[in-house]
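Asks: build me a model from this:
(chains A and B)
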2 protein chains.
Amino acid sequence: MKLQKIDFEPIGRRGECPAGQSLLEAAHQLGVELVSLCGGKGTCHRCKVQVLAGRVSPPTENEKGTLSPQELKNGYRLACETYPLGDCKLSVPPESLTAPQRTQVEGLEVAVSPEPPVRAYHFELPPPSIEDMRADAKRVLETLYQQHRVRCCTIDLEVLRSLSPQLRSGNWQAQASIRGDEIIAIRPWPSRQLGLAVDVGTTKIAGYLLDLDSGQTLAAQGIMNPQIASGEDVISRITYIGKSSSAAARLQRLVIKALNQLVVDLCAEAEAKTKEILEIVVVGNTAMHHLLLRLPVAQLALSPFLPAVSKALDIKARDLGLRIAPGAYVHLLPNIAGFVGADHVAMLLATEVWQTGGVTLALDIGTNTEVALVSDGEIASVSCASGPAFEGAHIKDGMRAAPGAIERLRLVDDAIEYQTIGGAPPVGLCGSGILDAISQLHLAGVLDASGRMGDHPRVRTVGEQREFVLVSEEEREGWGEQEKRPAITITQNDVRELQLAKGAIRSGIQVLLDAAGHAVPEIEQVIIAGAFGSYIDVDSAITIGMLPRLPLCRFRQVGNAAGMGAKLALISQRQRVEAQRIANRVRYIELTTAPNFTQTFINATYIGYHESG
Amino acid sequence: MKLQKIDFEPIGRRGECPAGQSLLEAAHQLGVELVSLCGGKGTCHRCKVQVLAGRVSPPTENEKGTLSPQELKNGYRLACETYPLGDCKLSVPPESLTAPQRTQVEGLEVAVSPEPPVRAYHFELPPPSIEDMRADAKRVLETLYQQHRVRCCTIDLEVLRSLSPQLRSGNWQAQASIRGDEIIAIRPWPSRQLGLAVDVGTTKIAGYLLDLDSGQTLAAQGIMNPQIASGEDVISRITYIGKSSSAAARLQRLVIKALNQLVVDLCAEAEAKTKEILEIVVVGNTAMHHLLLRLPVAQLALSPFLPAVSKALDIKARDLGLRIAPGAYVHLLPNIAGFVGADHVAMLLATEVWQTGGVTLALDIGTNTEVALVSDGEIASVSCASGPAFEGAHIKDGMRAAPGAIERLRLVDDAIEYQTIGGAPPVGLCGSGILDAISQLHLAGVLDASGRMGDHPRVRTVGEQREFVLVSEEEREGWGEQEKRPAITITQNDVRELQLAKGAIRSGIQVLLDAAGHAVPEIEQVIIAGAFGSYIDVDSAITIGMLPRLPLCRFRQVGNAAGMGAKLALISQRQRVEAQRIANRVRYIELTTAPNFTQTFINATYIGYHESG
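Replies: Here you go, the predicted model:
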């Protein structure tokens, strides 16, 4: 049997597959979890891949009808209908991967040459004598200038505390890590300089361990934000803090503890020591930023919704209780407004939209969704209270993107085709599944534009509420469930929740367009950031009227761009300057003050709403 | 009976006394504790005062024989032989006061116009609105620039934590305290700005609470350094630290706790709040400086005796555990060498010797004695291990300057005339008493130059050791002691201890003179600083050969000049710059490397030694 080498990038799965297998079969054999709702019948069009190198079978008639000429020209194919004719190399777009595997892929990698804020210098001191009685610190500072022409003014107190014995045991040579004009670490030469980039979201915290000098990511991990127990969204956390004088300190302790654990875990993964981390960059929305620093948050929730502080901050990590190198700093990117924070700045930084020429829309979809419209050299941003529905909250069978969550579904005649995360028996719907469900029900005419659920063989009434059965009790039994389990359904209420969420986002986009005097077709690019934004089916989001109706090729799903922005700011001082420049340039628009906002919002809650309609 | 108004300065005692009373009687009536060993017979010459204003009786023949023409010209008189002829105003030199009262007098007041490092600005913010959504911090920084043209970059994190609610409750106006480019406090307008100057000595800690804006001293207090339980001198404290890993932290905790208590006590005295203190200046010898910061000290005690750090430091007070204003800093003046610390710099700063033209000697006598010789625009300094004998340690009947300590004594024929602190029954000898005793015994021929104790009716042998009885068992009974108490004596060992102590100081002076190529008579001024230095009888110190033989008028006893220097640096930025300049200029001479040092030291231990002999 002839074997062919198949290489799936950027996730880096390679292996040999027998000739005659489709790319979809090859992918599954190699553990690449390509989405396939139809099971390889060529009807769901989800298993799109790009052929980078090697020969494959020519496009089928089905593919020619499905893929745009541009896509075909760029080598895009449906994996289920494409057969390799030799070794080949493929690129898998994030949207063709199942959710968990997609998170392993950095949706966006911006090449930046490291220009870290902390730099290492080796030095060798003239040993002291009765003729040269300079103090240890002075000897170090003067030698660094002599040997490297770097002029430092201060040595961190914790570094000073270990300096004298260390110089003596190290035979008067060592490595200084210098930040600005301060020595923040003195260690044996050569020692690694590591850094941590963190995106503190309302729901999730993403951490990346990097080598500051090479810019290489050594480990990455996502954890839950433990503050979630005191409120799922920003407003409920602010309300919680208002109730007791110790609450703010408690929430700070929780997140600091989580970050310290993240540091330990990432270091274990990369075989590093926590003391090797010399710098942390944190991004987050303004509330998460303030809670981390234990800054007051009450004013964030009261008109005119002001941050305590907006500019970038540098704070000793130890002052926040972070256990890394004793002299290390935490750098916090600037905030823009009470509900547009450093994570938005980081997203803009990473996506580089702020330096594109045309009209670009950039969204970071989450519990709070920030949207920026870049046009004519201007950046305007709004914040939309999209709520936690996309995380599965307030949805009857909603759940997070975990094994068993329906992440994609299609209504084919009266049957439901669906795919669960990990291929596990279905237990609920994650955000992308909910989006697909509403979209499919709308297309099938079960949901009208107002969101009212009509009749359908799968629609039933429970109590006083209608619901659409996605997976019936019997179908769940078919999965071999031991006990009888209730059906997985979409209720009328679920539809209403989603209408509010998507209406918030769509109206935010509309306010930005109106303010800039642009119409939807003028948007040349839509960048969708955030974990949830990477999972969704853009087509479904357009169908329900959450995203503007534009050709699919104008959309880019870039994953955790805020985290990427944090990484850029971690390894590059120039990027920090850029971030402050972005923050200064952004014009924040408070939605509630926009003309006719209430009407715009109501319109935007309509399913299938588009500004022309 | 005619009354005359008598005003004793600088201690500020004023009152009306009957005509016909001598100035000595008037002083005692008003509670001014003038020294008088002879009881007003005109023979001890200790009750010297200076007439500043008013008419008094003409000098007696005795006075003309005792006081120099220069002194008489300047209005100096013996209080016991001078009678006021109307209201008059007198200045009492510190050496004419008993020890406890002398400490109430600032020996030295240098007039410096305050130029504090922390400055207060009132501001009134434009209230935020939906049209002006600047972050609170940004609003403050921009308004300060607009209203005062002060450009700040940062706001202390603790200040940020209270900023937002405070601005709202204060109706958008407040007072900012700015240090460098940082806002370190925001309080209601107007709020006082206080500062604390501290001299951390090996034995004692002196604290001064000042108003930063007026430069006025609001309260002063001296306490013991609690580290003394872990070693009386620097070396034994360093040894203590070497014995356990937690010892350094323990000693730091002790001194920080003492300083926090000092803060509380000084504030109580001045009716101030600890949070009103916005700046602390600390001076101390290098070891005390390092122990306060928990810097390593082992290298201080090993040749070539290096400090961990010598330059001036600015550290957040809260990082050291000091409980004052949350954003306040501690400024530590620069050190010079392992055994010449910031206290020496402060002493040079306060005495202004560094800017005098001629040859000046400045000593700060203590457990460790630092000596500087200023000549031809150069400053050279040495450190002498004088030990704790002057504090009464290692002396059989030695004690600190407390009630009952013999502080002055004279041998008249075979009788001892003495004065105790507080006029209490004698219980021992403090440093100045010991000095007087050795001097008197030498003058009487009881002690020869080598320190050997010869015969005298009051000399006896106890065990194998000779001792001179100052207050016999019977004489103590005469004081009405309930129980029989042993005699107070000076032993042969005590003499040896004092020879070592004074030899250390005298040899240090000699090394400086030799290095600069000057002879004793060229010294135009000798400044004696330190609490002990203020108590001593300079004549006795010359007699035993501790101080060089020079006319008494060339000596100035200036009290705690290091503390005064700390006060200057507290209220004046210019003085801080000056202090760093002094520290840079001082050439430190390590005594053990001086040519023939051993011989110089041995010579200097001789009683009555002077370089000509």
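Asks: residue A:519: neighbouring residues, count only.
Replies: Counted by other CB atoms under 10 Å in any protein chain shown, the residues lying close to residue A:519 total 12. In short, each C-beta sits where N, CA and C put it, glycine included.
Asks: that one - nearest residue in space that isn't next to it in sequence?
Replies: Spatial nearest neighbour of residue A:519, chain neighbours left out: residue A:513 (6.8 Å); criterion: CB to CB, 6 or more residues apart in numbering or on different chains.
Asks: over to the closest residue to residue A:247 other than its chain neighbours: give its phi and psi.
Replies: Nearest non-adjacent residue to residue A:247, counting by CB to CB, 6+ apart: residue A:241, 4.5 Å away. Per-residue torsions, residue A:241: phi -70, psi -30 (degrees, to the nearest 10).
Asks: before we move on, what about residue A:164?
Replies: According to degrees, to the nearest 10, residue A:164 has phi -60, psi -50.
Asks: check which helices and strands the host helix or strand of residue A:498 sits against.
Replies: Here residue A:498 is covered by helix A:492-516, with elements defined by DSSP states H and E. Counting contacts by 3 or more CB pairs under 8 Å, 6 or more residues apart in numbering or on different chains; DSSP states H and E, helix A:492-516 is packed against strand A:359-364, strand A:369-375, strand A:378-384, helix A:431-443, strand A:465-471, helix A:597-604.
Asks: what strands flank the third one, and is each parallel or antiparallel?
Replies: Going back to what we said before, that points to strand A:378-384. Strand pairing for strand A:378-384, using DSSP bridges, gives strand A:369-375 (antiparallel), strand A:586-588 (parallel).
Asks: can you show me the CA trace of it as PDB?
Replies: Listed in PDB are the C-alpha atoms of strand A:378-384, where the atom choice follows Å, rounded to 0.1, in the frame of the first residue of the first chain:
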ATOM      1  CA  GLU A 378      -9.900  57.300  13.000                       C
ATOM      2  CA  ILE A 379     -10.700  54.700  15.500                       C
ATOM      3  CA  ALA A 380     -14.100  54.800  17.300                       C
ATOM      4  CA  SER A 381     -15.100  52.200  19.800                       C
ATOM      5  CA  VAL A 382     -18.200  51.100  21.700                       C
ATOM      6  CA  SER A 383     -18.900  48.600  24.300                       C
ATOM      7  CA  CYS A 384     -21.900  46.300  24.000                       C
END
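Asks: which residues are contacting that strand?
Replies: A:336-337, A:339-340, A:344, A:348, A:354, A:368-373, A:504-505, A:507-508, A:511-512, A:515-516, A:582, A:585-591 (CB atoms under 8 Å, 6 or more residues apart in numbering or on different chains).
Asks: tell me the buried residues within these.
Replies: A:336-337, A:339-340, A:344, A:348, A:354, A:368-373, A:504-505, A:507-508, A:511-512, A:515-516, A:582, A:586, A:588-591 (16 or more other CB atoms under 10 Å in any protein chain shown).
Asks: on that earlier part again, so who does the residue nearest to residue A:247 touch?
Replies: A:247, A:248, A:251, A:291, A:297, A:298 are the contacts of residue A:241 under CB under 8 Å, 6+ apart.
Asks: outline the domain layout of chain A.
Replies: A:3-97, A:118-187, A:194-332, A:353-387+A:507-604, A:389-498 (automatic domain parsing).
Asks: can I get these in CSV with mean pLDDT and distance to residue B:410?
Replies: Converted to CSV, those look like this (pLDDT from 0 to 100; distance: least, CB to CB, whole Å):
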stretch, mean pLDDT, distance to residue B:410
domain A:3-97, 87, 96
domain A:118-187, 96, 45
domain A:194-332, 94, 60
domain A:353-387+A:507-604, 92, 74
domain A:389-498, 91, 92
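Asks: adding distance to residue B:599, write these out as JSON lines.
Replies: Listed next are the domains of chain A as JSON lines, based on distance: least, CB to CB, whole Å:
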{"stretch": "domain A:3-97", "distance to residue B:599": "80"}
{"stretch": "domain A:118-187", "distance to residue B:599": "19"}
{"stretch": "domain A:194-332", "distance to residue B:599": "48"}
{"stretch": "domain A:353-387+A:507-604", "distance to residue B:599": "61"}
{"stretch": "domain A:389-498", "distance to residue B:599": "86"}
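Asks: between those domains, which gets nearest to residue B:147?
Replies: domain A:194-332 (19.5 Å; CB to CB).
Asks: start to end distance for that closest one?
Replies: In domain A:194-332, first residue to last residue: 17 Å (CA to CA, to the nearest Å).
Asks: repeat that for stretch A:149-161.
Replies: Note: stretch A:149-161 ends 25 Å apart using CA to CA.
Asks: is chain B within reach of that stretch?
Replies: Yes. Contact of stretch A:149-161 with chain B (CB under 8 Å from any CB of the partner chain) involves A:155, A:157, A:160, A:161.
Asks: for stretch A:164-171, same thing?
Replies: Yes. Using CB under 8 Å from any CB, stretch A:164-171 reaches chain B at A:164, A:165, A:168.
Asks: nearest residue to the first one other than its sequence neighbours?
Replies: Once its chain neighbours are removed from consideration, residue A:164 has its nearest residue in residue B:296; the separation is 4.2 Å (CB to CB, 6+ apart).
Asks: surely that neighbour touches residue A:167?
Replies: No. Residue B:296 is not in contact with residue A:167 according to CB atoms under 8 Å; the separation is 10.1 Å.
Asks: any idea which of the domains of chain A gets closest to residue B:200?
Replies: Nearest to residue B:200, of the domains of chain A and by CB to CB, is domain A:118-187 at 17.2 Å.
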